[in-house]
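Chemist: Turn this into a structure:
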Amino acid sequence: MEHNCDVTARSRYGSKATAKILAGLLRGKFANGKKGPRACELPEMVLSELNVTISYMKAWNAKDLAVNATRGTKEGSFEFLSTYLHLVKSTNPGTITDLHTTVDKKGNTLFKYLFFAFGACIDGYKFLRKVIVIDGTAMKGKYKGCLVAASGQDGNLQIYPLAFGVVEVENDAGWVWFLKNLSKFVPDEEDLVLASDRHASIYSALAKVYPLAHHAACSVHLFRNVNHKFKSGGLANLVSKAGRAYTVGDFRYWWRQIEETKQECAEYLLKIGLPHWTLSHFPGNRYNLMSSNISESLNAAMQKAVDNPIVSMVEFIRAMLMRWFWCRRTFAGKTRTRCTPEIEELLIDHLKESLNCVVNGATDWIYQVNDGIGCEFSVDLEKKTCTCKVFDVLMVPCCHALAAGRIRNIDPYTLISRCYFVGPCREKYKRVVMPRPNEKDVDIPEELTEVPVNPPKTKRQGGRPKKRRIPSHGEVHHVVDVGSKFFVAITDLTNKLFEVGNLFSMMFHLGGQHRRVDIRAIWSKGEVVD
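Modeler: Residues are numbered from 1 along each chain as shown. Predicted coordinates:
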């Protein structure tokens, strides 16, 4: 068919490309949680694909309409939230949800708090080590809020999300409400450890909801505070070594170094309380979790969703957990070792170190072990302890225990805590995080829809919301130019490289005493590692 329009008519066909039409064409680029192109990128994209020139404002409006069509509007998302939670619970039995609302002076129901924990995550908690990390991250959507989360670490040293919540702000009331819901399946016990940053509201909430549990401070946040407060070169590194020391003797050595460097810093740390931030003085067992890095990593994984409408954000988290559980369940099913791969690698490292140890027996179970650098340790294979404290804290045999076990002809795997075996790891991910059904296929109770939930009265100020995280005090980034190569050395990156802490460390002799040095010590001196 031949067109009979004249040139004048044909030159105006671009005006038919309204924002609504463009949104329909671009909708697929923002579906399924995809970030999609930015508004400033759309004019060039539309020109190359459709041969239509559009303004930036039309591109912005088209993107806004496309995002609303795929993720829902901010206001409509709050109205749909009760229905969505019902849909999720219908296919995920055992899921705990709680939607807390308030009523304003006009009688409108306003959103206040949200808590949700999937049944699959709840069932896996009994196979976890009892160390829970809690943290929050600011939501970047139209309405103010904070996404809080509680997570643990599985036997393969991977993040295991337990529960999530949305609160207006990180205050006492919000944290108390979240922790009360968490206590429905994480009971308050004396052997429970909750780790977090030193937020005053978290301290207050833990004292009310978890009075029996032990509270551990995040070491990374503490080191940043020391670096910012005292601005003394190498001081934060000394505090890091003192905090991560396994034995009291090692701690005292580094503590003297801190006092000699900055007495004010030592007084500041004493006010915090040594049991609160040191591994050697901690009354409970925090294993290798010296920081809240697993929560920081979880927040980074959810970074794409924190500016989405609330239902879209929760659905993003559900889909993420569904994918994680499937991948880890598949990986655990293919694992043929008795322990998880990370622990197997750790055992191999300890086994190599044990070859240089000399073992002398005291009883059938107690041995004196001399390592290759002249240090002596006492190992009790029956109680599964060693004076180096690595065996006691990690519940994984150290090199001294492996050397003694070899003389006693004991299977090394009998010395390892049950939580590190592949069997419990498979049980953690045995349950499936199911997709939510279609709203049209499920009977929705009338009480969920008769009272619509409105957004909270916490709108943001004008202007474009910030997308990048604001660095903490003492978190400094340095760019180092070495020849033709550029390296970015982050001063606290070394604390995030290995959550295992001092596991991957080298043993050497300093002044006739046993010392422990790891890769963090190298990075903190400013040396460039390719």
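
Chemist: can you give me the helices in the stretch 101-250 of the chain?
Modeler: Here the stretch 101-250 of the chain has its helices, by DSSP state H, counting those that start in this stretch, at 119-124, 172-182, 200-209, 219-230, 235-244, 248-261.

Chemist: what about those helices, which gets the closest to L346?
Modeler: helix 235-244 (16.3 Å; Cβ to Cβ). From N, CA and C alone the C-beta is placed, and that goes for glycine too.

Chemist: same for the closest one, what does it pack against?
Modeler: Packing partners of helix 235-244 (3 or more Cβ pairs under 8 Å, 6 or more residues apart in numbering; DSSP states H and E): helix 219-230, helix 248-261, helix 263-272, helix 519-524.

Chemist: so can I have CSV of these showing distance to L182 and mean pLDDT?
Modeler: Compiled in CSV, those are given as follows (distance: least, Cβ to Cβ, whole Å; pLDDT from 0 to 100):
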stretch, distance to L182, mean pLDDT
helix 219-230, 21, 88
helix 248-261, 32, 94
helix 263-272, 25, 92
helix 519-524, 32, 33
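
Chemist: Among those helices, which comes closest to I317?
Modeler: Across those, closest to I317 is helix 219-230 (Cβ to Cβ), at 24.1 Å.

Chemist: Next, the contact list for G136, please.
Modeler: 146-149, 167, 170 (Cβ atoms under 8 Å, 6 or more residues apart in numbering).

Chemist: And for A301?
Modeler: M320.

Chemist: if you set the cut-off to 10 Å instead, what comes out?
Modeler: By Cβ atoms under 10 Å, 6 or more residues apart in numbering, the residues touching A301 are 159, 161, 316-317, 320, 324.

Chemist: which one of the helices and strands packed on helix 235-244 is the most hemmed in?
Modeler: Sort the helices and strands packed on helix 235-244 by mean neighbour count, taking mean count of other Cβ atoms under 10 Å, and helix 219-230 sits at the top with a mean of 21.

Chemist: Where does L279 sit, in terms of helix or strand?
Modeler: Using DSSP states H and E, L279 is not contained in any helix or strand.

Chemist: Leaving out sequence neighbours, find the closest residue to it.
Modeler: R244 (5.8 Å; Cβ to Cβ, 6 or more residues apart in numbering).

Chemist: Surely that neighbour touches S280?
Modeler: Yes - with contacts counted by Cβ atoms under 10 Å, R244 reaches S280, the gap being 9.0 Å.

Chemist: The two - which one has more neighbours?
Modeler: R244 (24 against 20; other Cβ atoms under 10 Å).

Chemist: That one and K440, how far apart?
Modeler: 55 Å (Cβ to Cβ, to the nearest Å).

Chemist: hmm, back to that, export the helices of the stretch 101-250 of the chain to JSON lines and append columns for distance to P275.
Modeler: Below are the helices of the stretch 101-250 of the chain laid out as JSON lines (distance: least, Cβ to Cβ, whole Å):
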{"stretch": "helix 119-124", "distance to P275": "29"}
{"stretch": "helix 172-182", "distance to P275": "21"}
{"stretch": "helix 200-209", "distance to P275": "14"}
{"stretch": "helix 219-230", "distance to P275": "13"}
{"stretch": "helix 235-244", "distance to P275": "11"}
{"stretch": "helix 248-261", "distance to P275": "12"}
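
Chemist: Tell me which of those helices lies nearest to N288.
Modeler: helix 235-244 (9.7 Å).

Chemist: Any stretches of this structure with poor pLDDT?
Modeler: Filtered on pLDDT under 70, the chain yields the residue ranges 1, 3, 5-16, 31-35, 70-72, 450, 459-530.

Chemist: domains in it, as residue ranges please.
Modeler: Split into domains by automatic domain parsing, the chain comes to 7-71, 72-218+291-336+427-470, 341-420, 477-524.

Chemist: Turn those into TSV, including distance to L270.
Modeler: Rendered in TSV, the data for the domains of the chain read as follows (distance: least, Cβ to Cβ, whole Å):
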stretch	distance to L270
domain 7-71	47
domain 72-218+291-336+427-470	14
domain 341-420	22
domain 477-524	22
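
Chemist: To L235, which of these lies closest?
Modeler: domain 477-524 (10.5 Å).

Chemist: contacting residues around the closest residue to F185 other than its chain neighbours?
Modeler: Spatially, and ignoring its direct neighbours in sequence, F185 is nearest to I122 (4.9 Å; Cβ to Cβ, 6+ apart). Residues near I122 by Cβ under 10 Å, 6+ apart: 92, 94-96, 162-163, 184-186, 431.

Chemist: repeat for W177
Modeler: Counted by Cβ under 10 Å, 6+ apart, W177 has contacts 98, 100, 112-115, 148, 165, 167, 205, 209.

Chemist: give me that answer again for 6 Å
Modeler: W177 makes contact with Y113, according to Cβ atoms under 6 Å, 6 or more residues apart in numbering.

Chemist: any idea how far P161 is from it?
Modeler: 19 Å.

Chemist: likewise I272?
Modeler: 29 Å.

Chemist: now do P93
Modeler: In terms of Cβ to Cβ, P93 sits 18 Å off from P161.

Chemist: top helix in this structure by residue count?
Modeler: helix 310-334 (DSSP state H).

Chemist: Tell me, how many residues neighbour R338?
Modeler: 16.

Chemist: Spatially, which residue comes closest to it, not counting chain neighbours?
Modeler: Y413 is the one closest to R338 (Cβ to Cβ, 6+ apart), at 5.4 Å.

Chemist: looking at this, that neighbour is in a helix?
Modeler: Yes - assessed with DSSP: H, G, I helix; E, B strand; the rest coil, Y413 lies in a helix.

Chemist: re earlier: would JSON lines of the contacts of G136 with distance to Q257 be doable?
Modeler: As requested, those are exported to JSON lines (distance: Cβ to Cβ, whole Å):
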{"residue": "C146", "distance to Q257": "38"}
{"residue": "L147", "distance to Q257": "39"}
{"residue": "V148", "distance to Q257": "37"}
{"residue": "A149", "distance to Q257": "36"}
{"residue": "V167", "distance to Q257": "41"}
{"residue": "E170", "distance to Q257": "35"}
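
Chemist: Which one of these sits in the busiest neighbourhood?
Modeler: V148 (26 neighbours).

Chemist: still on that earlier bit, sort out which of the contacts of A301 are buried, if you could.
Modeler: Buried by 16 or more other Cβ atoms under 10 Å: 159, 161, 316-317, 320, 324, out of the contacts of A301.

Chemist: could you redo these as TSV and give each row distance to N370?
Modeler: Formatted as TSV, these follow (distance: Cβ to Cβ, whole Å):
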residue	distance to N370
I159	39
P161	44
F316	55
I317	52
M320	49
W324	45
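
Chemist: biggest separation within the residues you listed, which pair?
Modeler: I159 and F316, at 15.9 Å, using Cβ to Cβ across the buried ones among the contacts of A301.

Chemist: buried set for stretch 92-111?
Modeler: 92, 95-99, 101, 110-111.

Chemist: contacts for it?
Modeler: Counting by Cβ under 6 Å, 6+ apart, 78, 85, 89, 112-119, 122, 181, 184, 434, 451, 453-454, 456 sit against stretch 92-111.

Chemist: Now with 7 Å, please.
Modeler: Stretch 92-111 is contacted from outside by 78, 81-82, 85, 88-89, 112-119, 122-123, 177, 181, 184-185, 433-434, 451-457, using Cβ atoms under 7 Å, 6 or more residues apart in numbering.

Chemist: what do you get for stretch 362-374?
Modeler: 356-361, 376-382, 400, 403-404, 407, 507-509.

Chemist: Please indicate which of those are buried?
Modeler: Applying 16+ other Cβ under 10 Å to the contacts of stretch 362-374 flags 357, 359, 377, 379-381, 400, 403-404, 507 as buried.

Chemist: of all those residues, which comes closest to A217?
Modeler: Nearest member of the buried ones among the contacts of stretch 362-374 to A217, counting by Cβ to Cβ, is M507, at 27.2 Å.
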